[in-house]
Each structure stands twice: as C-alpha cells, then as structure tokens.
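1. sequence and predicted structure, then a few things I'm wondering about:
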Amino acid sequence: MRYLPNSPAERAAMLQATGRKSIEEFFAQIPAALKHQGNLNLPGPLSEPEILEYFHQAAAQSSRDYVSFLGAGAYSHYRPVAIDALLSRGEFFTAYTPYQAEIAQGTLQAMFEFQTLITQLTGMDVSNASLYDGSTATTEACLMAMRITHRDRVLLAHTLHPEYRQVLQTYIQHQGVELNQIPYDKSGQLDLAQLEASLKTPAAAVVIQSPNFFGIIERAKEIAGIVHKSGALLIVTIPEPLSLGIVRPPSDADIVCGEAQSFGVPVAFGGPYVGFLAAKEQFIRQMPGRLIGQTQDTEGRRGFVLTLATREQHIRREKATSNICTNQSLCALAVTIYLSLLGKRGLKALAEQNLAKASYAAGELAAVPGTQLPFAASRFNEFVVEAPVDAEVLLAALREEKIIGGLNLKHFYPELKNHLLICVTETVGKATIDRMAEVYAQLAAHSQGQARDGEPVGAIHGTTSKPR
Amino acid sequence: MENRIRTARPHVNRNEDLIFEQTSPGKSGVELPPLDVPVASPEELLGSESYRADIEGFPEVSETEVIRHFTRLSTWNYGVDTGLYPLGSCTMKYNPRINEVVARLEGLATDHPYSPATLAQGCLRVLAETARCLAEITGMDAVSLQPSAGAQGELTGILIIRACLAERGNPRKVILTPDSAHGTNPASVTISGYEVKNLKSNSRGCVDMDELDRAMTEDVAGLMLTNPNTLGVFEEQIQEIARRVHAKGGLVYMDGANMNALVGVARPADFGVDVMHLNLHKTFTTPHGGGGPGSGPVAVKQFLEPYLPTPTVGQSEDGNYYLDFNRPKSIGRVRAFYGNFGMAVRALAYIQANGAAGLRQSTLDAVLNANYVRSRLQDVYDLPYDAPSMHECVFSDRRQVARGVRTGDVAKRLIDYGFHPYTTSFPLIVSGALMIEPTESAGKAELDAFIDAMRSIALEVEEDPQFVLRAPYTTRVTRLDETAAARKPVLRWKPQQ
Amino acid sequence: MYPPELLYTKDHEWIRVDETTGIIGITDHAQKELGDIVFVELPKAGEHVTAKESFGTVESVKAVSEIYSPVTGEVTAANPKLQNNPELINTDPHGDAWLIKVHLADRRETESLMTSDEYEAYLQEEKAH
C-alpha cells in the first residue's frame, strides 16, 4: 500500500527485534471470537486516477453550473488563491494542537492574530481561537452567560437562525434551562416591547442575530440598554460577519459570537466551518475553547502559548467550561489569511459591493408587480421577498435558468408563506440578477393573465438564455 | 552528537512581526472586480448610527507580504510531514494529498447545504457512502456524520443513550467512566445531565470487574470506555463487561479514539458496544490542521438509529438520495447543516485508496511499530503496566524522576533531536506518563532514529540532568513562561499608545 | 517546619483559630504540588462555607485544585492581595497568603484536625506510597 513506509524486510527485522514469531501474537489479547473473519465490504483499493474519477462524478452531480442566491448562514464569497497556497503547506495542515509551544510558534502566532482580528471586528476585548461553527458558538455563549449570571433562563430572538436554535435546544435539554422566544415586529426586527415584557422575569441572556435570519440589522444598542437593566447579558451572534466591514459592531453586547465561514472558508455543503466567540474582558475565565496568550521565553523573546488551560476539559474534566477539545485551527488560519489579504480597505470595499448588489436586486424585484419586500428595516446582503406567484413554482422556473433563487422560508417560518430569503454576494453578476427579475416578471404577468382568464396559476415558461 | 543522529529540523528563522506590525496605510492584498450595479451609499442605506467608518487596527499589507509572513510562520511548525509525531492516542499518521485535491473539487467544495436535493446528489452520495463504510468498519448499523469533533460525538452518543432509556421509562442518573479516560469523556457526560462516576482501573490498567460490579446499578445509564484503552491495552474482558452492563439495563459507549488498532481486525459491534464515535482526524487521515477541524461521526446499533441527529441521508427506491428530516425520536441537532462534509470526502478517499486489505495492513503496521518501540526502550524507561500494547505504548518517568527529570523535560529534550514529543502526563493513572503512538506512517529508519534519541536522552539524564532540564536548545524560542501568560493574560495585539 | 500554632487537614489546608474566628489557607506542600499559582477563586464576604466542602479553587498553569473548608461558618473576608498577586501563595503560604477569614459556626469542628506534628507524619506516610 503506497502510504506505508515499511517493506517486508523491514517488518521482518522489527518483528524479530520484538522477539515474536508472527504479527498475530500482538493481537492475542483479542478473543478469537471477536476477530473479524472474512473481508470488509469496502470500496478499493483504488489508484489515484480511480479516486479522482469517483469524486469527479460526484462533483458533476451538483449545482456547480448554477448561480445561487442562497445564504442563510453559509455564504459564497470569492476565496483568493493565496489562501489554499498557504494552507497546503504541510507544516500548517499536518501539525497538531500547539501543546508543545516551542515547535508550534507558526500556529500559535497565526491564532493570536486571529484572536486579534476578531476583537477588532466585533468591538470586544478578548476572543478565543475559534469553535466548531456559528451554531455551537452561540450555544457556548448561552452556557457561558448562564455560568456567569447563575441564572437558567435564556431569551432567543425568533429571527435567530432556526438551526442555531435547534442546536441550543439539544445542548440544554437536560440541564433544567428555560428557553423563551421573542417575536419580530413588522419591520422584521426584534420586538422591543415584547423583549421588555419578557425580561420582567430574570434571564441569564438575550440572544439576537444581526444581520438576523431575514437579513435585517438589529438595534443592538437599544436592545443592550433594555437587557442590561434586567441584569441579563446580551449575546449577539453574527453568521455573516462580512457585515462588520460597514456595519458598526455591537460593542454594547457582552458576548459577540458567530460564524467566520465567509472569510475564506469554502461553503462545502455545510462544513467544516469556523465559529468565533469574543467577550468583554471580565468574562475571560468563563470562556470556552482554546486561548492563545503572549509571553516571553528565557531569553526575553516574544512567543505565544496556549493559556488559561485550566478552564478546559483535559484539566477540569467534568467541571470544564465546555467539553470542547478542538478549535477549527486550519479554518481559523484561512480566516486570518483572508482578512490579512483584504485588510481594512478590501473588507470595506467588499462589504460595500455586497450591500450594493443586494440593494440593486431588492429594487429590481420589488418593481415587479405582485412582489413585495415585507420588511422595511436596513439590511446587508440578504433580504426577504414575498413572491408574486407560488414560491415553489418560481424556484422551479428559476432552476430552468440555472438559478437557485433563494430559500423558501415556509420550512422555518410557516407564517411566511410564499416568502423567499435571497442573498446576493459579490459573486453574482448583474446579468443574473436581471434575468431573475425577468423570470419574476414573466410569471407575475402570466399569473395575472391567467387570473383574468380564470385558468389555474402555475405554468412555467423556460428559456434558453444562460445567466452570467 | 550533532552528526550521530540524522534528524529533521524545522527552520530557526528571524523574528517575525505580527501582521498588524507590518501594516502600512494604503495597501491591500486583494483587488475586486468592478461593481456592475449602481453604487449604493452605505451611510444612506444603513443610517449614520449603524454605519462603520473604519476598522481600527486592521492590517493593510500586500499579497506578497501575506505570502511571506505566513510562509515564515509555517517554518516554525513541526508537522506529520516533517517527521515522526509520536503523540499517543492522536494517531498522527500521513495525510494523503489526494484527499486535499478531491475535497477542493468544484461541486463538492462549493455547494450550498440548502441546495435542492436534486442538485446535491453528488454530495449526498458522498455522505451516504462514507457513512456506509464507517458502519461496515465498525460493524454497527447506522452512522451520523453530523458531530464536528470527537468530543461532540461523545456528547451525541450520551444523549442518544439518554433518549433511549428515557423512552424505556427511566433515563437514570449516572455514567461510569474509567479513571484512564480522556478529559472530554466526563465533560461530555456532564452536559448530558448525568453524573460522572469514576471506575478505578485494575493492576493491568484495565476495567476492574469487581469495581464494575459494585458500581453498575440500576441508576447507571451506561459505561463509557475506550478500547484499546488509553494505555494502548485491549480490554480482554470487553464482552463480559458489556454483558454485565446490559444485564442491569445499561448501555455501552465506546470512545473510538484508538480505532487505529482495530480497523480490519476486530469490530466494536461484536464486543457488545451499542454506540460509539470515530475520530476521522485520527484513524481516517483527515488532517489535524494545527488543532482542527476534526470530525466525530457516531455509529449505533439498529435499535438506537431513531435517536440519531436530524437529518440523516436516505436513499429512495429510485436510487436518489434525500435528507430525512422526519425523525420524531431524534435527539435533535448538534450543529447547523450536516457536519464536516469536507472531512467525509477526505475519509472516503482514504478508505478507497486502501480498500479492506490496505486498512488491515495499516493496522498491523501500527501495532508492530508500537511494539518495536516498546521492546527497544523498555530497558531504559519504566513500563508501569505489563499488559501487551497494541498501537501505542506507555512508559513512566519513574527512573528519570530519581534524577529530578520528568516526562515533560525528556519531551523538551527530544525536540533537540528533531522529533515532536510524545504525549506527556496522560493517562492520569500513570505517574509521569510517556505515551507513544508511532502509527503505521513511521518507517523503521525513522523509528530507529527516535529510539536512539530516547536512549541518548536517558543517558543524558543519568550523566547530566541539569542539561536536560534546560532543553530545548535548538528551537526558535526557548522554554516559554506559561506562568506569566496565565497570571496576566495578553490575548490580543493592541497598537502602541 | 510547619507552624505549630496552625491546625491541618488531609487535603492540605491549614487553619488558625481563636475563639470565634478561623483564618484558612493551603499548606506549603500543596503549593509545591501545584507549582506556580496563577489564579485563585474565592467566595465573597457574607457567603457561607461548610466543613469538608469545596469553597474555591487554586489554579496553576497545569492543574486546578479545589480547596475544602476545615470548618463551617460565614466568610468575613477574602484576601484581597491574591487577586493581583496569586504568587504569594508560593512564597508565603502560611502567612501573607491566607485565603479567607471565617466566623466559626462551631469551634468544636476543629478538634478533629491535625497538629503540625501529625501533619508532618501524615506527609511522610503519603510520600511512602
């Protein structure tokens, strides 16, 4: 087998050195009845070309020829090629957790830079070296708030990503925690009156998402005022942190967490991603996950180490702040490289492009008769439309044009029938947006026509022009 | 001494500033294509209270500087690619390059998780096939790829146990874990709402059957164990252990961290294990990446399948794959979307490259390598447990402590010989442990170099312990002050005032 | 070696008592085992401690230790110096680095504690194992 570095002669020599006659002797501890007889039904062994063939076929059965308007917690942004060039260095991707600091200064310094970038973006004092993803980061933030306040009730915005809410529910289901939801108002933002009312009973934390699941920016400062008056902590989770390029960070929050996948991590059908968690200085010792700290060596040179490890599972065991062992180091490295490449100007420019594209798309769609934009508040690169015809019919028609037109919200928000969540990033061309608006218009006109003539709504006219 | 032993060494390079210290205003490493839609004023659209004018302190550097900065950083790391990485229970084995190529293919790396199923057949097929292979390897019946890491897999498994027992009428209160368990085990148990009870190991480092009998009551939901255990020793009594737990109505969870000793040789399902997790970043070669991402799939017997996280991947009669959200007994989600898909791709490529025969050979080589190391070091380092080792061996620093040198110090000196240290001070049941797992990726020459280095250090400890205590000498930085880092934590860069 | 005016527990805490109050700390043996102390977590004045139960933690770089109270009572003070200078525990564990002061609920609880001689013998015994 091509990965194995020992030849038969070398194996024989080693076996002899151990004083055994056959390799089977090392497995004598395993009762005979437990030794698997026969062959496992597995593919292979395959050569490289055969492996490539398999995965090329799988890759062909995908949406790679389509333009996608999907966001909802996973965002398609352009990844500069320098990222993979650097990530592919074996010293980075085949290294282990930097427990032996002297021979891991590469990883440690990069993670220290990651922590710094996250604090700069979020307006918080300290950040950890990443968590699995945005959904678990949000969960960890809630657990952290409960530890700090010694309260076991958490309020969640209804506009917090539905899957994030599900994850939190799974984690706390046996810990005697009460979860309550705060609805959104007609502008699509958190209902402040309902929030105040709900806080009459003490809570550990209020969790909002900004931009929220509908793409709308929340009034974090106002919300912080209400939340802090009740003695609770404010957690703001940000699945699309590119917004922080032009949206003021929620510096009144106590914990800012979210998903950094937008920054150079592939969409990859859902993972691996990279969660972040940052907080105010006073909460440092309650933070979950790895922390990298600056220090000196015996010669006074600056160096970096894992620190405050006594919070973690390998020391605290059942009393740890979390069971988490890993961070998403390689993904966090991608984020660090991406943000270094874009820098201050690049991130701002990219955020402005996203804002412009989404604004243009929203305008074009809203101009189609029968299409509504139900929420008036400010947005970043995602927005909700009420479709002029049945949403599934619309999506099917768009697929004929090789367009994935957005997420049908009915699965997550049954009260929003026929609403689509549409994300427009810098990767989508104007021609595609225009084509999408054309399809909207065609279907809307057709259904109007049919409504006049009494025929059922729903026929689809495909076209052959390709989007760019 | 320098010429005697051939070593692999990372570069000792000049001091590298933080990226923020290399910043100079006006630079960027990325240029965007021109905007093809009308410019929108952020201040107008967002309002002046929401508009962010500046990101203070953010870097401004060119692409060239970014490449140099991170390239230089990388040269200070030691990776599996550099040489032997004998960390115990981490399985630092070769990360095949083909894995990285297939994971980056357009259509696999770029697809959105909410794409309609008809347009995601390739990704769904990869998930389904990976799950099937992992089930085949473990002998279990169903697999979820959703957990993002081993610790999350453990949590998922314990929640599954709880859901099953709750449906039977009583979730119970306690989970038993051996005192040799990895720290994530008790931490995961606590989150699930159970109390942890430690089981003392016997003199062979295995589960003590009398202790088990005393502890296994109808209050105990299950036993969580690693097999081979964290000493690298196979639990010979595993079938009887499982029988006794089952007899009292409990379930058996296996931490699959040490599967590198079992793949193709034995299947945990046959031991009586009901639920287990696997570490794709250990046994299945997905890269450690400097500390993540990992992947911790959970495998269960059929009766536990209904409790697996939602969604699972199903295949309908016409051969098409779909995501099954209709799972009323599921424990819920442990993360958004479907898990670390990119890791499933890599693991599947590894399985395909090997086939059943290659996987089995890898296991045999891993076990032979560990025993070779053990046989050639056991005269200079103390073996605390006589039991046979599988894919890893554990020594203690008892002889060296007599000279004032501990396992951590020996580890630091090993760095000077060009190797990454083994695992120090774990498992906790061994005082001053040296846990060594060479994996099958170590050739005899590399192992001989490692053995020579360890023997040389043992000699140094006898002749000049002070010399060993101040190691390492050949790294870019010398021993770092971890005390200062913990007393006055500095976790971010700040601009000079 | 160990101050004779103090009483000691098997978990390596010491207590200095008078009629109504106790001052509690950890012993020199404990601080040696832990190594460089980096952080101490203590209860606030007004909180209660119970004999044999944990009331806080002492952390070094690589380890955390629970601190168990030798007595029951109300905390009247926590040592303010340890917030910024936890290393005092390493340099003066029996004096300046006291952890908490307690108003004793029941002075008789101290009767089961060890004298300095008994503690030193106990340490010898532990070392032998």
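-> Arrived safely, thanks for sending.

2. for the nearest residue to A:T107 once chain neighbours are set aside, give me its contacts.
-> In this structure, A:T107 finds its nearest non-sequential neighbour in B:G290, 3.9 Å apart by C-beta to C-beta, 6 or more residues apart in numbering or on different chains. Quick note: C-beta positions are derived from backbone N, CA and C, even for glycine. B:G290 makes contact with A:92-93, A:95-98, A:104, A:106-107, A:110-111, A:329-330, A:333, B:77 under the criterion C-beta atoms under 8 Å, 6 or more residues apart in numbering or on different chains.

3. how about a cut-off of 10 Å?
-> A:91-98, A:104, A:106-108, A:110-111, A:129, A:327-330, A:332-333, B:74, B:77, B:79 (C-beta atoms under 10 Å, 6 or more residues apart in numbering or on different chains).

4. for chain C, what's its nearest residue on the stretch 101-250 of chain B.
-> Among the residues of the stretch 101-250 of chain B, B:G183 lies closest to chain C, at 11.8 Å counting by C-beta to the nearest C-beta.

5. same question, chain A
-> Among the residues of chain A, A:T310 lies nearest to chain C; the distance is 4.6 Å by C-beta to the nearest C-beta.

6. right, and that residue touches C:I37 too?
-> No. Under the criterion of C-beta atoms under 10 Å, A:T310 is not in contact with C:I37, lying 11.0 Å apart.

7. what are the phi and psi values at B:G169?
-> The phi and psi values for B:G169, taken as degrees, to the nearest 10, are phi 120, psi -20.

8. helices of chain C, start to end?
-> C:28-34, C:81-84, C:88-91, C:116-128 (DSSP state H).

9. chain center to the second one, what's the gap?
-> Between the centre of helix C:81-84 and the centre of its chain there are 16 Å (C-alpha atoms, centre = their mean, to the nearest Å).

10. do that helix and chain A meet?
-> No. Helix C:81-84 lies apart from chain A when judged by C-beta under 10 Å from any C-beta of the partner chain; the minimum separation is 12.4 Å.

11. what packs against that helix?
-> With contacts defined as 3 or more C-beta pairs under 10 Å, 6 or more residues apart in numbering or on different chains; DSSP states H and E, the packing partners of helix C:81-84 are strand C:37-41, helix C:88-91.

12. give me the mean pLDDT for the shortest one.
-> The reference is to helix C:88-91. Here helix C:88-91 scores 95 as its mean pLDDT.

13. what does it rub up against?
-> Taking C-beta under 10 Å, 6+ apart as the criterion, the residues outside helix C:88-91 that touch it are B:483, C:25-26, C:28, C:30-32, C:34-37, C:40, C:58, C:60, C:79, C:81-82, C:85, C:95-99.

14. 6 Å - rerun?
-> Counting by C-beta atoms under 6 Å, 6 or more residues apart in numbering or on different chains, helix C:88-91 makes contact with C:31, C:37, C:81, C:96-97, all of which sit outside it.

15. any idea which helix or strand of the chain has the worst average confidence?
-> Since you didn't name a chain, this refers to chain A. helix A:313-316 (a mean of 66; mean pLDDT, DSSP states H and E).

16. not quite, I wanted chain B
-> For chain B, using mean pLDDT, DSSP H and E, the weakest element among its helices and strands is helix B:184-191, scoring a mean of 79.

17. how far is it from where the chain is centred?
-> When C-alpha coordinates are averaged (C-alpha atoms, centre = their mean), helix B:184-191 and its chain have centres 16 Å apart.

18. any part of the very next helix or strand once past it near chain A?
-> Moving toward the C-terminus from helix B:184-191, the first helix or strand encountered (DSSP states H and E) is strand B:195-199. Yes. Legend: contact between strand B:195-199 and chain A by C-beta under 6 Å from any C-beta of the partner chain is shown at B:V196.

19. orientation of the least confident helix or strand of chain B relative to strand B:195-199 in degrees?
-> Comparing the axes of helix B:184-191 and strand B:195-199 via axes from the mean of the first three to the mean of the last three C-alpha atoms, to 10 degrees yields an angle of 150 degrees.

20. out of A:T310 and C:I37, which sits in the busier spot?
-> Looking at A:T310 and C:I37 with other C-beta atoms under 10 Å in any protein chain shown, you find the greater number of neighbours at C:I37, namely 27 against 23.

21. could I get the pLDDT score of that one?
-> Per-residue confidence at C:I37 stands at 93 (pLDDT).

22. and it, how far is that from A:Y96?
-> When distances are taken as C-beta to C-beta, to the nearest Å, C:I37 and A:Y96 turn out to be 29 Å apart.

23. quick one: the helices in chain A?
-> Read by DSSP H, chain A holds these helices, from start to end of the chain: A:8-18, A:48-60, A:81-87, A:90-93, A:105-122, A:134-149, A:162-172, A:192-198, A:220-229, A:313-316, A:329-366, A:391-400, A:430-453.

24. any idea how many residues pack against B:E195?
-> Per other C-beta under 10 Å, the neighbour tally for B:E195 reads 15.

25. residue contacts, it?
-> Contacts of B:E195 were listed using C-beta under 6 Å, 6+ apart, and they are B:173-174.

26. name whatever forms a beta bridge with it.
-> B:V174 (DSSP bridges).

27. closest one to A:I246 among the helices of chain A?
-> When those are compared for distance to A:I246 using C-beta to C-beta, the nearest one is helix A:329-366, at 4.3 Å.

28. any idea how far the residue nearest to the spatial centre of chain C is from C:A78?
-> Here the mean C-alpha position of chain C is nearest to the C-alpha of C:G25 (C-alpha atoms, centre = their mean), at a distance of 2.6 Å. Here C:G25 is placed at a distance of 12 Å from C:A78 (C-beta to C-beta).
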